[in-house]
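> take a look and give me a structure for this.
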Amino acid sequence: MPGQPGGPDELWVDEMAGPVLRPFAVAGGRTRQAYSDLDLIAIVLTAEVPMPAPGSLGTEDELILELCVRPRSVADLAADLALPVGVMRVLVGDLLRRGLVTVRRPATSRSGRPDPRLLKEVIDGLRAL
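Predicted coordinates:
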C-alpha cells in the first residue's frame, strides 16, 4: 500500500532513518573520537596553515573550518551543523589530527573540574538561546 513503510513505491528509509543514518555516514561509521578530552566547551579555531586542496575535505569539514575562523565551542558547532555532539567530536578530532584546527581546553580549577565562571558563562549562553 502506498504511503506505508515497506510499500513498493515508498522511500521510507530516507524519512525514517535519514537523521540517524546521516550522522553515522558523516563520521565514516565511527562513534569514538581520537581525543577523549575533547569536551563540549572545548574551543575550536581554524589553524593558520595552508588549507588542503579543494575537494579533499567533506562538506561538514569545510563548514567547521569556515565557522571556526572565530573561536567556537564543540557544542556550538554541533548545534550549527545540526549534528550530534559525538559526531562533531569525531569530525573535530579528525581536523585536529590533520593540523587544520587548534583546540583550547577549558580552564580548570585545582580539583580538575571546569572553572565555575566558565560554567556560568556557558549556562548564560544556553539560556540566551
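> show me where the protein has helices.
Under the criterion DSSP state H, helices of the chain are mapped to 12-26, 59-67, 74-81, 85-97, 116-128.
> output stretch 120-129 as PDB, nothing but the C-alphas.
Extracted C-alpha coordinates of stretch 120-129, given in PDB (Å, rounded to 0.1, in the frame of the first residue of the first chain):
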ATOM      1  CA  LYS A 120      28.300  30.100  34.400                       C
ATOM      2  CA  GLU A 121      29.100  31.700  31.000                       C
ATOM      3  CA  VAL A 122      28.000  28.500  29.300                       C
ATOM      4  CA  ILE A 123      24.800  28.300  31.200                       C
ATOM      5  CA  ASP A 124      24.100  32.000  30.400                       C
ATOM      6  CA  GLY A 125      24.800  31.400  26.800                       C
ATOM      7  CA  LEU A 126      22.400  28.400  26.700                       C
ATOM      8  CA  ARG A 127      19.700  30.400  28.400                       C
ATOM      9  CA  ALA A 128      20.100  33.100  25.800                       C
ATOM     10  CA  LEU A 129      19.200  30.600  23.100                       C
END
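> list the buried residues in that stretch.
Buried positions in stretch 120-129, judged by neighbour count with 16 or more other C-beta atoms under 10 Å: Val122. From N, CA and C alone the C-beta is placed, and that goes for glycine too.
> quick one: mean pLDDT for it?
Mean pLDDT, stretch 120-129: 73.
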